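In: The following comprises the amino acid sequence and a computationally predicted model.
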Amino acid sequence: MHRLIIQPAPIRMGADPPTSAGRPLQFMAYLESTGEFVVQSHQPLADGARELLVRGHDPAALLTMRHAGKAYDSFLPRPIGVWAKVSYSEGAKTLLQSGAWVPFAGVRQTPTSERMGSMEPTPTQIG
């Protein structure tokens, strides 16, 4: 089983707070077993699952998520392939909603490590 450990992403100096103007809070997700950075996202479990698939992880392998420093998981483990099919949205006047994930047309998926190169953040607290 794989577990993503998440923590809030740093906010740039001078940037509007994440909750203003409907901007969602971003989280950084790391694999608990290796400390490897997986993704920065407002939906780290779903986006992290898609990233793990791109990196060659087994879609049937179980995945869950935990906030850094907590002793309990946020979700029951489900197959990576199941989490990868989900997307979440939330608006200023609407509640959290889940739906099927649809990739952008014409966008080639590459692992985060290739897209970010040496700019990967370092976890400040895992476990």
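Out: On my side now, so go ahead. Here the structure is a predicted model, which is why all the values come from computation and not from measurement.
In: Next, the distance between the ends of stretch 61-75.
Out: 15 Å (C-alpha to C-alpha, to the nearest Å).
In: wait, I meant stretch 48-67
Out: Using C-alpha to C-alpha, the two ends of stretch 48-67 sit 14 Å apart.
In: my read: residue 37 touches residue 27, true?
Out: No. Using C-beta atoms under 8 Å, residue 37 is not in contact with residue 27; the gap is 11.7 Å. Any C-beta I mention is one placed from the backbone N, CA and C, and that applies to glycine too.
In: Neighbour count: these two, which is higher?
Out: Neighbours of residue 37 and residue 27, each counted by other C-beta atoms under 10 Å, are more numerous for residue 27; the result is 23 against 18.
In: show me the contacts for the more buried one.
Out: By C-beta atoms under 8 Å, 6 or more residues apart in numbering, the residues touching residue 27 are 6-9, 40-42, 44.
In: 10 Å - rerun?
Out: Residue 27 makes contact with 4-9, 39-45, 47-48, 65, 67-68, according to C-beta atoms under 10 Å, 6 or more residues apart in numbering.
In: same check, this time on residue 32
Out: Listed by C-beta under 10 Å, 6+ apart, the contact partners of residue 32 are 1-5, 64-66, 68, 126-127.
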